[in-house]
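Undergrad: no sequence on this one, just coordinates:
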């Protein structure tokens, strides 16, 4: 198995230099990974995240409430994108992908959970509070 052989090689290395071991682990290229049909592409930049994730999330719709960890991770990734990459959010494709994620998945999931845990509502508000007022109003309608 290619994956287990690669992990054994990385774990079994006796290198005393931690940086060299980390560089070896990071040097793994896409060619070294086994091919998986219909897999999501590897992300090369944080900016590509909304464009890659929007389609699989839109398939989940409000069923995302069954996976609280994924819901929380998506909210936190969006907060990070909105806080540190404002220029990227201004591009039309990324902005529409983020809005679609919010409209088709994150907001409906919170509405399905009538007694939603306060932590989930707080995570969603963390995303929504970073959006411009007019965009928030569009998402609510």
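TA: Yes, it's here. Everything numeric here is computed off the predicted structure, so don't read it as measured data.
Undergrad: show me where this structure dips below the pLDDT cut-off.
TA: Applying pLDDT under 70 to the chain flags the ranges 1-34, 114.
Undergrad: burial measure for residue 49, as a count.
TA: Counted with other C-beta atoms under 10 Å, residues neighbouring residue 49 total 21. Using the backbone N, CA and C atoms, a C-beta is placed for each residue, glycine as well.
Undergrad: before we move on, what about residue 89?
TA: For residue 89, using other C-beta under 10 Å, the count is 20.
Undergrad: thought it was touching residue 95?
TA: Yes: Residue 89 is within contact range of residue 95, at 5.9 Å (criterion: C-beta atoms under 8 Å).
Undergrad: what about the closest residue to residue 99 other than its chain neighbours, which helix or strand?
TA: Once flanking residues are discounted, residue 99 sits nearest to residue 139: 6.6 Å by C-beta to C-beta, 6 or more residues apart in numbering. Assessed by DSSP states H and E, residue 139 sits inside helix 133-140.
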